[in-house]
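1. coords please:
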Amino acid sequence: MRILSIGLLYPPLYLGGYELLCEGAMRAARARGHEVQVLVSDYRAAEAVASEEPGVDRSLRSYLDASAKDVGNLGIPATLRLERYDGRVLERHLREFAPEVVSWWGVGGLPLSLIERVRRAGVPSVFCIEDYWLWYGTQMDRWSNGVRRLRLARLAPVLEPLLGIPVGGDLEGSGRFLFNSPYLAERAAAAGFHPRDSAIVSPGVHSRFLTAAPPEPWRGRLLYVGRVERTKAVDVIIAALALLPEEVTLRIVGSGNEDYSAELRSQ
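-> Prediction:
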């Protein structure tokens, strides 16, 4: 099977576990004999250099600034150029690689019109939902956000031939949505998103972590390893220390938002 994987980032340029899950899935697919092409943004992290891994195209442009976390200040002309450019990149992959399925990962920050282009091309899509990009992605996407705010979908027959960009779309009917937990699926429903085809697929645990270790006495040492971001609720772990014996310690290992890190130090 030919699989086209689309997302914002791909290792070694990544922000968190989402991209690592995508990499693991794509490597597993290749190991099973599938042909995989990865298409992601041209974001470059200062501390990493993109590998020359075959089958990875870093040509898409995103709405994000250099931090890959905040939306850049794009005007209408720049927004239209970005939408049309990414559309051409995607259509080239659809034409030359001819995928049999498109695998979507962390898409927040990319033009959501790419999803509508794939739907209209008739290529099946599978969405791996590991965070809240179904919500924040619409806020980052200046084009789809503007279409929704100005109610331009009714003008699609006129605007689409003129601009060459999908106006509106059917995100909920764009494919199968695989949520990593019931909680995330429930949050999607609470936000008004009701996919017509969905399932819960919890992330697996590697067998090497399932070996029973000999029991050890509680030593009062806690460890957090991961991104230091408000969404990870590291402040809740610190607050919990007040409920534990004074000798309990917590070590935080990771990097992320500096303002949040300063709050944690103060806390």
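2. quick check: the residue lying closest to residue 7 once chain neighbours are set aside vs residue 88, distance?
-> Nearest residue to residue 7 in three dimensions, chain neighbours excluded: residue 105, at 3.6 Å (C-beta to C-beta, 6 or more residues apart in numbering). Placement of C-beta: from N, CA and C, glycine included. Look at residue 105 and residue 88: by C-beta to C-beta, to the nearest Å, they are 21 Å apart.
3. same check, this time on residue 213
-> 53 Å.
4. compare those two (neighbour count), which wins?
-> Higher neighbour count among residue 213 and residue 88: residue 88, with 11 against 6, using other C-beta atoms under 10 Å.
5. using the three-state scheme, assign that one.
-> helix (DSSP: H, G, I helix; E, B strand; the rest coil).
6. what of residue 81?
-> helix.
7. tell me the pLDDT at it?
-> Confidence at residue 81, expressed as pLDDT, is 94.
8. that one: how many residues sit nearby?
-> Neighbour tally, residue 81, other C-beta under 10 Å: 12.
9. how about low-confidence regions in the stretch 1-150 of the chain?
-> Judged by pLDDT under 70, the stretch 1-150 of the chain has its weakly predicted residues at 44-52, 66-69.
10. what about the strands in it?
-> Listed in chain order, the strands of the stretch 1-150 of the chain (DSSP state E, counting those that start in this stretch) span 2-6, 35-41, 56-60, 101-104, 125-129.
11. report the beta-bridge partners for the nearest residue to residue 129 once chain neighbours are set aside.
-> If the residues on either side of it in the chain are set aside, residue 129 comes closest to residue 179, at 4.8 Å by C-beta to C-beta, 6+ apart. Here residue 179 sits in beta bridges with residue 129, residue 200, going by DSSP bridges.
12. what comes up buried for the helix or strand harbouring residue 162?
-> Here residue 162 sits within helix 156-163, counting by DSSP states H and E. For helix 156-163, burial by neighbour count (16 or more other C-beta atoms under 10 Å) applies to residue 159.
13. what's it packed up against?
-> helix 76-96 (3 or more C-beta pairs under 8 Å, 6 or more residues apart in numbering; DSSP states H and E).
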